[in-house]
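Chemist: Got a predicted structure here, sequence first:
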Amino acid sequence: MSKVILVGEPMALFIAETEGTLDTVTSFTRSAAGAGMNVAIGLKRLEHEVCYITKLGRDPFGKYLIDFLKGEGIDTSFICFDDHYPTAFQLKGKTSVGDPDVAYYRNGSAASNLKVDDVDEIDMCGFNHFHLTGIFPAISDISRATLLYLIEKAKNNGLTTSFDPNLRPSLWKDSTDMVATINKIAFRCDTVLPGISEGKILTGFNHEKDIADFYLSHGVKNVVIKMGPKGAYVKTQTEEAYIGGYHVEKVIDTVGAGDGFAVGFISGLLENKDVRECADRANAIGALQVMHKGDNEGLPTREQLFGFMEKKAL
C-alpha cells in the first residue's frame, strides 16, 4: 500500500445526545473532527500508511486528539505542540431532518499558528501522495503560507497531490479572497474534488463539464465533481464519465460525506484503479458515511467497503 501525508486542523468534537438548539442541550458525546483528519482515518482503514501534520495545544483536547489519532494507527511524528495557543473544538447538534447545527471554537488555535518553521524539517521522501483541503488555508494567513510551502515541498519530492476545496465562506475575509486563494491552490494539484455548488462559486460556470474544463485548462489532471445523490462527474484530458451514486437507506448525518468521497477516490488512485473505478469507490464511501452519526464513524474497512459495493452489483 501507499504512504500518504496530510495536513489540517483536528478538533475535539462534542455531539449533542438529544435534539434541540445547542444552547439548550445538556449532554454531549465526545469524538473528533476535522476534514483532513477524516481523510487520514479513512485511508488508514483502507490499509494505507498515513502521516498527519498539525499543531495541537498542550491541553486536554490536544492530549485527547493525539491519543485518538494514534488509536487509529496514524503516524503522529509530524505533529507538534504549542504552550500558548489552544486546541480547537466544535459542538454539533442532533437532528432528524437536514444538517445539524454546528458551532466552532477555533480562532487563535494552535493549528492556525502552524508555521513554515514547524514543518521545514519534515522529510517527504518515501511518501507517495499529499492530500489537503481548503479549510486549513482559511483559518489564518500563517496556515495559508505553510500549506503553500508544503505543496511545493510535496511536488519537489515527486508526490502526487489532491485537493478538496471544502469551502467555508465564514472563515474568509471575503469571497474574492476565497476564490482566488482556493484556485491558486487547486492549480498546483493533480486532482481537484469540488462539489457542484463549490465549482459554480469557484469558476463562475454552472455546468459540471465547464467547471471541469476550467481546472483542466490550468493543468489539473483529474477533476471530480461531487453531485450528491446523483453521484459524480469525472473528467481528465482523455476521458469523462458520470458515475451513479449508491442507495442510502437513511441519512443520519451528512457531515463528513465529502471527506469519505475523497478517501474513496484517493485510495483508488493509489491502488492504480482507473478514474471511473475511483469515482465509484468515492460514491460508495460517501454513501456509507451519511448513514452514520459523527464525522468519521462511517468510514469503512476494506471488507466493509467491498461488501457494500457488491450489493450494488447484485
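Modeler: On my side now, so go ahead.
Chemist: list the helices and strands the helix or strand hosting residue 213 packs on?
Modeler: Following DSSP states H and E, one finds residue 213 within helix 208-216. With contacts taken as 3 or more CB pairs under 8 Å, 6 or more residues apart in numbering; DSSP states H and E, helix 208-216 sits against helix 196-203, strand 222-226, strand 232-235. (C-beta placed from N, C-alpha, C; glycine too.)
Chemist: Can you give me the buried ones in that helix?
Modeler: Within helix 208-216, the residues that count as buried by 16 or more other CB atoms under 10 Å are 208, 211-216.
Chemist: Report the distance from it to the chain centre.
Modeler: Distance, stretch centre to chain centre, for helix 208-216: 21 Å (CA atoms, centre = their mean, to the nearest Å).
Chemist: Contacts for it next, please.
Modeler: The contact list for helix 208-216 (CB atoms under 8 Å, 6 or more residues apart in numbering) reads 186-187, 192, 194, 196, 199-200, 202-203, 205, 223, 225, 227, 233, 235-237, 240.
Chemist: Determine the angle, from 0 to 180 degrees, between that helix and strand 222-226.
Modeler: 140 degrees (axes from the mean of the first three to the mean of the last three CA atoms, to 10 degrees).
Chemist: For helix 208-216, give the mean pLDDT please.
Modeler: Averaging pLDDT along helix 208-216 yields 98.
Chemist: Could you do stretch 122-134 as well?
Modeler: 96.
Chemist: Kindly report the same for stretch 160-173.
Modeler: pLDDT averaged over stretch 160-173 gives 95.
Chemist: Contacts for that stretch, please.
Modeler: Counting by CB under 8 Å, 6+ apart, 35, 39, 128-135, 138-139, 151, 154-155, 175, 178, 181-182, 185-186, 188-195, 198, 201-202, 258-259, 262, 265-266, 269 sit against stretch 160-173.
Chemist: buried set for it?
Modeler: 160-167, 171-172.
Chemist: Pull up the distance across that stretch, start to finish.
Modeler: Start to finish, the residues bounding stretch 160-173 are 30 Å apart (CA to CA, to the nearest Å).
Chemist: all strands of this structure, in order?
Modeler: Taking DSSP state E as the criterion, the chain carries its strands at 3-7, 11-16, 28-33, 49-57, 79-82, 89-92, 102-105, 129-133, 160-164, 191-192, 222-226, 232-235, 240-243.
Chemist: how about a markdown table for these, with distance to residue 299 added?
Modeler: Listed next are those as a markdown table, based on distance: least, CB to CB, whole Å:
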| stretch | distance to residue 299 |
| --- | --- |
| strand 3-7 | 14 |
| strand 11-16 | 14 |
| strand 28-33 | 12 |
| strand 49-57 | 12 |
| strand 79-82 | 20 |
| strand 89-92 | 17 |
| strand 102-105 | 19 |
| strand 129-133 | 14 |
| strand 160-164 | 15 |
| strand 191-192 | 19 |
| strand 222-226 | 16 |
| strand 232-235 | 18 |
| strand 240-243 | 20 |
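Chemist: so which of the ones you listed comes closest to residue 295?
Modeler: strand 28-33 (4.4 Å; CB to CB).
Chemist: residue boundaries of the helices in the protein?
Modeler: For the chain, the helices defined by DSSP state H cover 35-45, 60-71, 116-119, 141-156, 175-186, 196-203, 208-216, 257-270, 275-290, 302-313.
Chemist: May I have the third one exported as PDB, CA atoms only?
Modeler: Taking only C-alpha atoms (Å, rounded to 0.1, in the frame of the first residue of the first chain), the coordinates of helix 116-119 have been written out as PDB:
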ATOM      1  CA  VAL A 116       6.700  27.100   8.000                       C
ATOM      2  CA  ASP A 117       9.500  26.700  10.600                       C
ATOM      3  CA  ASP A 118       7.400  24.000  12.200                       C
ATOM      4  CA  VAL A 119       7.400  21.900   9.000                       C
END
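Chemist: For it, buried residues please.
Modeler: Across helix 116-119, burial judged by 16+ other CB under 10 Å covers 118-119.
Chemist: Let me see the residues that make contact with that helix.
Modeler: For helix 116-119, the surrounding residues in contact (CB under 8 Å, 6+ apart) are 53, 55, 78, 80, 145-146, 149-150, 153.
Chemist: just the last one next, same as before
Modeler: Counting by CB under 8 Å, 6+ apart, the neighbours of helix 302-313 from elsewhere in the structure are 45-47, 246-247, 264, 280-281, 284-285, 287-288, 300.
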